[in-house]
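Sequence first, then the predicted structure, then my questions.
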Amino acid sequence: MSLFKARDWWASVLGEGEEFDQGCLCVGDVDNSGSGYDKIVVGSFMGMLRIFSPHPAKPDEQTEADAQLLEVQLPDPIIQVEMGKFVSCSELLHLAVLHPRKLSVYAVSGTAGNVEHGDQYQLRLVYEHNLQRTACNMTYGPFGGVTGHHFICIQSMDGMLMFFEQETYAFGRFLPGFLLPGPLSYCIRTDSFITVSSIRQVECYRYETLAVATDADTRQDSDQQSKSSGKRLTADWTLVLGEEALDICVPNTSSAMSSIFVLGERNLFCVKDNGQIRFMKKLEFNPCCFLPYGSVSEGSTNILMCNHNNMLLVYQDVTLKWVAQLSCVPVAVRVANFPELKGLVVTLSSDGHLQCSYMGTDPSFFTAPKVDAREVNYDEVDTEMKMLQKVIREASKTQDILPRAETEEELTLTAIVSSHLDEVSCAVIPEMNGMPVPSVTVKVKIKNRGAVHSPKMTVCVQPPLGVTQDQFVLDSMGSGCELVVRFSAFLNGHYPPADLCGDIAVSYSSATELNPAGIPRVSQCKFNLPLRLVCYPSSAIKNAKYKITVDTNKPPVNLSEVFPDFSEKSENNDSSALGFQLITGSRVIVLASKTSQRYRIQSESFEDIWLVAKELVQRFDRHFASLGVKDFRNSFTGPIPLPEFFETVDHHFELRVNAQKYQDLLSERAVQFRAIQRRLLTRFKDKTPGPLQNLDTLMEGTYRQVIALADAAEDNRERLIQAFTRLRSATHLLILLLSLWQGLSSEQTAILEATLLPLLQDTPQLGWEESVDAAVSHLLKTCLSRSPKDQAISLSTGPLTIPKDTSRLKKHITLLCDRLGKGGRLSLSSEANVPTTVMMPVGCESIPEPIVEQEEEPPLQQESAKYIKKKQPSKKIKSKSDSSKESSREKKEKDSSKEKEPKVSSNESKRESAKESKEPSKDKESTREKESSKESGKEKTKVSRKSSVKVKEKKSEAGDS
């Protein structure tokens, strides 16, 4: 609240129930009295036009009716009023009134009265223009550099600028890319029009450009305008604001200070005439109107600004100079000169409060009334203090950004999946690959404690799964009610799903004491569909292309006990083997070893193993938990099937590249098709018809190409959706094997899943490859770095784009698996990077890690190293001999280690490590040279003399020969 209030000099309330906006107020000598004093002209949306000449009331006067000079009821609503030299044969000021479908120009004249009633004022219509389009706002000025006259420019609601040269209509132009009208203003210095478009940028159009552009008799697109008469309309300059603009003002107070002011929703922008920002002021309130005017100091501008808190603020550029309190929220503000006082602030509110005020210095002495004193009850104070301390302790226990959910929710959801399949399937596709498609019923119980209004339930499952109904509009429920909703889920695509989970969300509103209308809330729950929904029991086969072995720490169990729903209908009575035939996939076999504690899962498709492997691990946990076994554990001994996983990645990436190619080809053919259309239209419009020169044949061929490319792109999109689902299945399987391999906790598995599965679906802007590469690189530079010193302090946050190939991604995933195998821990904190000693499983070997994350040596350092080596040949000879000896020792050690340890499963990691192992040898040589140079200086001189003698002997032998 401001200390000072704006002092009322004159005020009036205009009508009852009338509405006003920022264009409904203007000030000036509208009757051309020549006194130099202003009158106030106000127009309303009800069509009422009023003219005032304010003056302060005397103490003995009770009414101020003589301040109103004229009041006229016009037949149409008044959008905007302006004063200017709008008549061709006169240089007097006239009043322009803008209606939705009409522009009227009036002359206001006064006649001196001979009686006590005072002067009489009349409003005379000079001319008017009927508009073909609905008007939004207008601006005026000496367009084109004319002198002594003003032209008018009206912006319509559909983006047309209509220019009127006084009594005649000049031309009209459509603004390019128009959606909604914005504020419009004219800059006399550059003879240009400034507006703000719907894409939230300031656009400047020169009058000369508008005059020679394409005529806007009918609205045309940019392609048609380019072929019509005239030039294509383009902006002289643009400036992105990033927010909606409320008003634009171009003050013409000083020639040296050429600025354009734009009032945004949260910022004030001052722009130069060429579009460069002079300054910008961030506002901490919601502004409603503003007015720049001349300042006393040179090179600066004063700005009057009003906000929705009834405040009037005065800025000098960006410096706040004064704040005063107003009695209402104004929609328009002006500065006017009156006979007894100059520089009064005229404000108009939306409901018709017209006020002339000045910023005085009489403070407001409002003081709050005293509260009745009462005795303090210390017992109640102690009880309240204990309660508040308890609330503070509960709030300080968690540091979460989001507030914790309430212990008892208003509405609880419980999803129950039926243990039996539906007798009559509800699937949309009744049969796939010769097998019937089943469905299962899901029952959702909704219970509420209090009254719930407008509940809506949404069911979401990942494709290719589907449900009979995914949106439910429920009736409002009273307190303590229970509601049951049923729907069926089924397979709705010709490929296996990557997840059998579903989500249910219910949005509702619950009333409170402070908000009787209701506060929006959401309750959620999850459900898991049975494996029987997507596969049938089948016979087991012994051989398959892809095999995975899961170890346990308990004796083998009968698979019929673990999978009772599949063993009953299985054709094979062998309890150590089970077959699962996916409806839209391959056959998956589970084999139990009779002598060891191992189980093998095999299939002809790598990603189809995921659903069966997940179900096997979960059922093992439930089976042994039901027996009371607490130390049961699943494990995986390796090797990690990275080559098989990379095949799925390459297939998905290839389809993404094909999609980009199809899009580029389609855009090229579409451009070609439109160009042929334009040429054909030009030929058809020509008065003297000429030969088509096979343009019709070319157009038909291009059309066929566009249709063929569109069909191919659609087919590729369908295959890309299937490939991404298979990639998700393969990634889920890889995460499961990594967690079993290293015994990861649930938190670490969640981090790994968020890293390798950041997206639920692919988009053209962001794909799986670049997202996973960025996430894996982040882990390698933080919690999985080799040491705390190697951690990246600042990570690169560049835009994610589709890579050229998948080699970098494969390299990072391989390195991620290797560092997990060496004992790396996944954590979001920076302290969890110290490797722990973990026994490597059989079949896995550590990958030699060169310096991968660090950048290459700068060229200056490399050049300096060359010069050092050239100056000291003795070091070079010695280091070469030392390095050759050490390299021979390293080769022997590697050979012996290779005999002891098995081979790495990934062949690609070997090739990459072999390439990278060449780079650190240079660094090793340079470090050994420095150490050898520090140890003994005398030996260096001896070696250098011997080397020089050898060089001389070689030269003499060459000369003798």
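In hand now; what should we look at? Predicted model only: the values in this text are computed from it and were never measured.

Show the end-to-end separation of stretch 171-186, please.
Terminal residues of stretch 171-186 are spaced 17 Å apart (Cα to Cα, to the nearest Å).

And that stretch, how far out from the chain middle?
28 Å (Cα atoms, centre = their mean, to the nearest Å).

State the mean pLDDT of that stretch.
Stretch 171-186 carries an average pLDDT of 92.

Check stretch 740-750 too.
88.

Surely residue 311 touches residue 285?
Yes - with contacts counted by Cβ atoms under 8 Å, residue 311 reaches residue 285, the gap being 7.3 Å. Quick note: C-beta positions are derived from backbone N, CA and C, even for glycine.

okay, the two: which has more neighbours?
More crowded of residue 311 and residue 285, by other Cβ atoms under 10 Å: residue 311, with 19 against 13.

and the more buried one, bridged to which residues?
Residue 311 forms beta bridges with residue 325, as assigned by DSSP bridges.

mind listing what it touches?
2, 285, 323-326 (Cβ atoms under 8 Å, 6 or more residues apart in numbering).

before we move on, back to that, and for residue 311 and residue 285, which residues touch both?
Common neighbours of residue 311 and residue 285, counting by Cβ under 8 Å, 6+ apart, are absent.

ok so, going back, compare the contacts of residue 311 and tell me which has the most neighbours.
Highest neighbour count within these, by other Cβ under 10 Å: residue 326, with 23 neighbours.

Spit out the contact partners of that residue.
Counting by Cβ under 8 Å, 6+ apart, residue 326 has contacts 6, 306, 310-312, 347, 355, 357.

Which single one of the residues you listed is nearest to residue 823?
residue 311 (63.3 Å; Cβ to Cβ).

Doesn't residue 486 belong to a strand?
Yes - according to DSSP: H, G, I helix; E, B strand; the rest coil, residue 486 belongs to a strand.

Contacts only, for it.
Contacts of residue 486 (Cβ under 8 Å, 6+ apart): 441-444.

Give me the buried entries from those residues.
Among these, those scoring as buried are 441-442, 444 (criterion: 16 or more other Cβ atoms under 10 Å).

For the residues you listed, give me TSV that also has distance to residue 332 and pLDDT.
Below are the buried ones among the contacts of residue 486 laid out as TSV (distance: Cβ to Cβ, whole Å; pLDDT from 0 to 100):
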residue	distance to residue 332	pLDDT
441	64	94
442	60	93
444	56	93
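
can you put those residues in JSON lines and add secondary structure?
JSON lines is the format used below for the buried ones among the contacts of residue 486 (three-state DSSP):
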{"residue": "441", "secondary structure": "strand"}
{"residue": "442", "secondary structure": "strand"}
{"residue": "444", "secondary structure": "strand"}
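
the strands in the stretch 501-650 of the chain, which residues?
501-510, 519-528, 535-538, 546-552, 577-582, 587-592, 598-603, 634-635 (DSSP state E, counting those that start in this stretch).

Rebuild the ones you listed as TSV, extending it with mean neighbour count and mean pLDDT.
Converted to TSV, the strands of the stretch 501-650 of the chain look like this (neighbours: other Cβ atoms under 10 Å; pLDDT from 0 to 100):
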stretch	mean neighbour count	mean pLDDT
strand 501-510	19	92
strand 519-528	14	91
strand 535-538	20	87
strand 546-552	18	89
strand 577-582	22	87
strand 587-592	23	88
strand 598-603	20	89
strand 634-635	18	87
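
List just the one of those that sits closest to residue 642.
Comparing the strands of the stretch 501-650 of the chain by Cβ to Cβ, strand 546-552 comes nearest, at 12.8 Å.

Adjacent strands (with direction) for the closest one?
Here, using DSSP bridges, strand 546-552 pairs with strand 598-603 (antiparallel), strand 634-635 (antiparallel).

For residue 270, which of these is the nearest?
strand 634-635 (67.6 Å).

hmm, back to that, tell me which of the strands paired with strand 546-552 lies nearest to residue 449.
strand 634-635 (40.7 Å).

Could you tell me whether residue 210 really is in a helix?
Yes - with three-state DSSP as the criterion, residue 210 is assigned to a helix.

Next up, the contacts around it.
161, 163, 171, 173, 193, 233.

In space, what's closest to residue 460 - neighbours in sequence excluded?
Nearest residue to residue 460, sequence neighbours excluded (Cβ to Cβ, 6 or more residues apart in numbering): residue 503, at 4.6 Å.

Now for the contacts of residue 326: which two are most distant?
Most distant of those, by Cβ to Cβ, are 311 and 355, 14.1 Å apart.

Show me where the stretch 101-250 of the chain has its strands.
Using DSSP E, counting those that start in this stretch, the strands found in the stretch 101-250 of the chain span residues 102-111, 120-130, 135-141, 151-156, 160-165, 168-174, 184-187, 192-196, 201-206, 237-240, 245-249.

Which one of those lies nearest to residue 617?
Counting by Cβ to Cβ, residue 617 lies closest to strand 237-240 out of the strands of the stretch 101-250 of the chain; the figure is 53.3 Å.
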